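Asks: Next comes the sequence, and after it the predicted model I'd like to discuss.
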Amino acid sequence: MTVKEFMRKYRRITKYPPEWIFSNDPISSIMRPWVVCEDGFTVSVQASSFHYCSPRENLLDQDYDKVELGFPSAEDSLIIDYAEDPDDPTQSVYGWVPIEIVEELVEKHGGIKMADPEGMKKLKNDCDVYSECSW
């Protein structure tokens, strides 16, 4: 499975009541489970109107050119230049990482083994207004 396929398959779409929405987009956020690679490497791969990605929109049936990575389980030279805090790479967010580099990163670690929704629990907020969940 490629990263693009993973992003289409696994996503949690949060839709808030209309009075909470500040744009014409009824989708308030999209979150995905963490990627677990065959060698045990894990990383958050996210893209939506709230993430550091391109396009910075809530895409459901299209691919992103650049995505946001976060909190990789180990430092990796392929992505360190995108780190917000290169001095603390496993606790950093990596903005606007080209999808080709993310595909290369995942392949370097043996490919995608599985999705880890447990990784997302670290980031989950108290609002559970989920209307679509594909994991």
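Replies: Now that the structure is in, tell me what you want to look at.

Asks: At the geometric centre of this protein, which residue sits there?
Replies: Geometric centre of the chain, nearest residue: Q46, 1.8 Å, by CA atoms, centre = their mean.

Asks: so what's that one scoring on pLDDT?
Replies: pLDDT, Q46: 95.

Asks: Tell me which residues touch the nearest residue to it once chain neighbours are set aside, please.
Replies: Spatial nearest neighbour of Q46, excluding adjacent residues (CB to CB, 6 or more residues apart in numbering): E68 at 4.7 Å. From N, CA and C alone the C-beta is placed, and that goes for glycine too. Going by CB atoms under 8 Å, 6 or more residues apart in numbering, E68 touches S44, V45, Q46, A47, H51, Y52, C53, V93, Y94, G95, W96, V97.

Asks: export the residues you listed to a markdown table and tack on distance to V3 and secondary structure?
Replies: Shown next, in a markdown table, are the contacts of E68 (distance: CB to CB, whole Å; DSSP: H, G, I helix; E, B strand; the rest coil):
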| residue | distance to V3 | secondary structure |
| --- | --- | --- |
| S44 | 12 | strand |
| V45 | 6 | strand |
| Q46 | 11 | strand |
| A47 | 10 | coil |
| H51 | 14 | coil |
| Y52 | 16 | coil |
| C53 | 12 | coil |
| V93 | 17 | strand |
| Y94 | 14 | strand |
| G95 | 16 | strand |
| W96 | 15 | strand |
| V97 | 10 | strand |
